[in-house]
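>>> Structure, please.
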Amino acid sequence: MTITIPADGHYVLANAGVPDSVMGNAASGALERVDITVADGTITAIAPAGWAPAPNRIDLDGGIVLPAFVDLHTHLDKGHIWPRKQNPDGTWFGALMAVLDDRTANWAAADVERRMDFSLRCAYAHGTAAIRTHLDMAPPQHEITWDVFEAMRERWAGRVELQAAGLMGPDTILDPAALRAVATRTKAAGGILGGSTAMHPENRTIMRRLVEIAGEFDLDIDLHTDESPDPAADALESLAEVVIESGFTGKVTAGHCCSLAVQADGVAKRVIDKVARAGVAVVSLPMCNMYLQDRDNTSGVRTPRWRGVTPLNELKAAGVPVAIASDNTRDPFYAYGDLDGFEVLREGARILQFDHPQDDAFAWARSVGADPAAIAGFGYAATLATDTPADLVLFRARSWTELMSRPQADRIVLRSGAAIDTTLPDYRELDDLMGPRL
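As a prediction, the model looks like this:
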């Protein structure tokens, strides 16, 4: 785009296309033409197109305007290690072992900090205003990474609002001393209790211990559940049951939930009903799960038979709060990605098929904005309303098909009404951390 945002911060974004869904009518996918008045970094008025006065009027000619993005599920501590530690076979287990090796060898504070800052600069340039990251907590990494995260949260305050969940495997959760150590450090950092489990004979015990210690420390919960192609995986159902039985009142989020898509219809409906009753929110990671799930290289190259994602449309229809997010970025779990909230929306529409009927498609713009913001409890609400900061992303595209057909690399990102520099950091900045180029 070639428009110029006035330096004095007083202007009107005229004839903008804005989805009803980001202006308060969550269920509506209608695209409205409005004039948005900005003064001193704040949206001071939203009115039908043609209403606002002429001075400093910037005609967007129907160009779409969205609130800055919210990325509910990322892994900033893993980001960008791919050049030095690739996934040997593209599988989930191959990724797990590769990350374990790299973490043991390389995750000193300086290494994590450099990569985390690089990732945040990418997200900020693309138009993201709030991020929740999962952080590997296998002791002693929990002490190193929480320290780095706290420093980054302070450094990025006012640009990207940050939350973090301490990610533990089943062994840590089932070890009372290790679980308490992680919970204690998580509480001190103002974090969220996290974990990961899918096929495990003690899933009920794992969930019970997580919920009990979360209640004791007054922590919210955000878990990786059933990131597996096995229909017998029961972590999500176990989580919902324990939350219901315990009466836990904190926020609970479940990520991935891939097995739900390969379970029999009756089983999936039963689980979805329990998730809805428990008030558990579900975040789908469409790009990473399509990359990892149903990959089997044991007998040579094989084309996957399913997309790897959870039945998000059915969850939403059942009243479950849902969102989509980036997940991993250039690490063994996902070799690609750049923490671009628009890419998540664009690819999510194709992978999860929430793009039809097209008249309703723009309701899903909330899935990378207001919905994850509400699930996480961010201060940034990701809605377009008066008396809120003008944190906006401007596109030249005027319709859903125009928006989704291109990467929108020419978007303009406004923070507090001012256009930011959207130049992305160069990967060469990290070369000295990676060793010889592969």
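>>> Provide a list of residues in contact with the closest residue to residue 310 other than its chain neighbours.
Closest residue to residue 310 apart from its sequence neighbours, by C-beta to C-beta, 6 or more residues apart in numbering: residue 257 at 4.0 Å. The C-beta positions use only the backbone N, C-alpha and C, and glycine is treated the same way. Going by C-beta atoms under 8 Å, 6 or more residues apart in numbering, residue 257 touches 225, 226, 236, 282, 284, 310, 315.
>>> Check the residues you listed against residue 249 and report the nearest one.
Nearest to residue 249 among these is residue 282, at 18.7 Å by C-beta to C-beta.
>>> and that closest one, how many neighbours?
When neighbours are counted by other C-beta atoms under 10 Å, residue 282 registers 26.
>>> Now pLDDT too, for the contacts of residue 257, in TSV please.
TSV is the format used below for the contacts of residue 257 (pLDDT from 0 to 100):
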residue	pLDDT
225	97
226	96
236	97
282	98
284	98
310	97
315	98
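>>> Show me which of the residues you listed are buried.
Buried residues within those, counting neighbours by 16 or more other C-beta atoms under 10 Å: 225, 226, 236, 282, 284, 310, 315.
>>> Tell me the one among those nearest to residue 271.
So of the buried ones among the contacts of residue 257, ranked by how close each gets to residue 271 (C-beta to C-beta), first place is residue 236, at 6.0 Å.
>>> if I look at that closest one, how far off is residue 387?
With distances taken as C-beta to C-beta, to the nearest Å, residue 236 is found 39 Å from residue 387.
>>> And the helices in the stretch 101-250 of the chain, which stretches?
109-126, 141-155, 170-173, 176-188, 203-217, 235-246 (DSSP state H, counting those that start in this stretch).
>>> Can you give me the buried ones in the last one?
Meaning helix 235-246. Buried residues in helix 235-246, counted by 16+ other C-beta under 10 Å: 235, 236, 237, 238, 239, 240, 241, 242, 243.
>>> what does stretch 325-336 give?
Of the residues in stretch 325-336, 325, 326, 327, 328, 329, 330, 331, 332, 333, 334, 335 count as buried by neighbour count, 16+ other C-beta under 10 Å.
>>> which two in those are spaced the farthest apart?
325 and 332 (18.4 Å).
>>> chain center to the lowest-mean-pLDDT helix or strand in the chain: distance?
Sorting the helices and strands of the chain by mean pLDDT, DSSP states H and E puts helix 358-361 at the bottom, at a mean of 85. Its chain's average C-alpha position is 22 Å from that of helix 358-361, according to C-alpha atoms, centre = their mean, to the nearest Å.
>>> One more: stretch 290-299?
Computed by C-alpha atoms, centre = their mean, the chain-centroid distance of stretch 290-299 equals 23 Å.
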